[in-house]
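Novice: generate coordinates for the sequence data below:
(one chain, ligands or ions: 1)
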Amino acid sequence: MVTRREIALGAIVLAATIGTGLDALRWRGGANAAAETFEVTHTPEEWRKLLTPEQYAVLREQDTERPFTSPLNKEHRKGTFTCAGCDLPLFASDTKFDSGTGWPSFYAPIDGAVKTNTDHTFGMVREEVHCRRCGGHLGHVFDDGPKPTGLRYCINGVALKFVPA
Ligand SMILES: [Zn+2]
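Specialist: Here you go, the predicted structure:
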């Protein structure tokens with residue numbers, strides 16, 4: 001059975017193939033867009049000292065944690081989810097919802113906390129989400145989320161820290 005999400009994704013990929021074929025050819029994946037600059041910067045060596053290997057792989061190398069592995073999936077207390085790289089508050093607990101995907105999911109970030117890039121890796125076109133302060137990769141945003149935004153920020157739990165209210 002073809003799900004609504006697969007149809008939506010197919011439409012996005014088709015549109016992107018037609019519209020931005022050239023961009024796809026130029027895209028090299030990996031690091032965030034080279035043109036962007038961030039308030040918090042460290043060398044790869046410094047980041048490796050600041051982060052766990054799992055955090056480094058996701059935040060700095062755009063890896064994806066295995067689904068259903070983050071303890072934050074089951075975090076239902078009131079509080080704030082902050083960047084594991086620089087502690088910037090990223091998501092409020094009242095925007096978190098259970099998407100069933102196995103990754104912590106939110107329908108909106110805190111105002112101005114994240115930025116996005118178009119990600120053409122793995123033959124898909126997705127909107128990559130990263131911390132606006134340190135550029136750390138967080139996850140992706142999709143347009144199949146709940147009201148009021150209709151957006152689903154699918155975030156690696158390892159890229160987040162939870163601060164209870
Ligand atoms: Zn950050």
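
Novice: all contacts plus neighbour counts: C-alpha atoms, from now on.
Specialist: Fine.

Novice: could you report the neighbour count for Phe122?
Specialist: By the measure other C-alpha atoms under 10 Å, the count of residues near Phe122 is 8.

Novice: what's the pLDDT at it?
Specialist: Confidence at Phe122, expressed as pLDDT, is 87.

Novice: using the three-state scheme, assign it.
Specialist: helix (DSSP: H, G, I helix; E, B strand; the rest coil).

Novice: Trp103 now?
Specialist: Following three-state DSSP, the label given to Trp103 is coil.

Novice: contact partners for it?
Specialist: Contacts for Trp103 were tallied using C-alpha atoms under 8 Å, 6 or more residues apart in numbering; they are Pro67, Phe68, Ser70, Asn73, Cys154, Ile155, Asn156, Gly157.

Novice: can you say which of those are buried?
Specialist: The neighbour count (16 or more other C-alpha atoms under 10 Å) marks Ser70, Asn73, Cys154, Ile155, Asn156, Gly157 as buried among the contacts of Trp103.

Novice: which ones are touching His137?
Specialist: With C-alpha under 8 Å, 6+ apart, His137 has these contacts: Asn32, Val58, Leu59, Arg60, Glu61, Gln62, Glu128, Val129, His130, Cys131, Ala159.

Novice: give the PyMOL command for selecting the buried subset of the residues you listed.
Specialist: Those of the contacts of His137 that count as buried under 16+ other C-alpha under 10 Å are selected in PyMOL with:
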select buried, resi 32+58+59+60+62+128+129+130+131+159
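
Novice: so what touches the strand or helix carrying Thr82?
Specialist: Using DSSP states H and E, Thr82 falls within strand 79-83. Residues from elsewhere that reach strand 79-83, judged by C-alpha under 8 Å, 6+ apart: 88-93, 131, 136, 159-165.

Novice: ok, now with 7 Å
Specialist: Counting contacts by C-alpha atoms under 7 Å, 6 or more residues apart in numbering, the residues outside strand 79-83 that touch it are 88-93, 131, 159-165.

Novice: which one of the residues you listed is nearest to the ion?
Specialist: Relative to the ion, the closest of the contacts of strand 79-83 is Cys131; by C-alpha to the ion it sits at 4.6 Å.

Novice: beta partners of the closest one?
Specialist: Val114 (DSSP bridges).

Novice: in this structure it contacts Thr116, no?
Specialist: No: taking C-alpha atoms under 7 Å as the definition, Cys131 is not a contact partner of Thr116, at 8.8 Å.

Novice: thinking again about what came up before, of the contacts of Trp103, which is the nearest to Gly145?
Specialist: When the contacts of Trp103 are compared for distance to Gly145 (C-alpha to C-alpha), Cys154 wins out at 9.6 Å.
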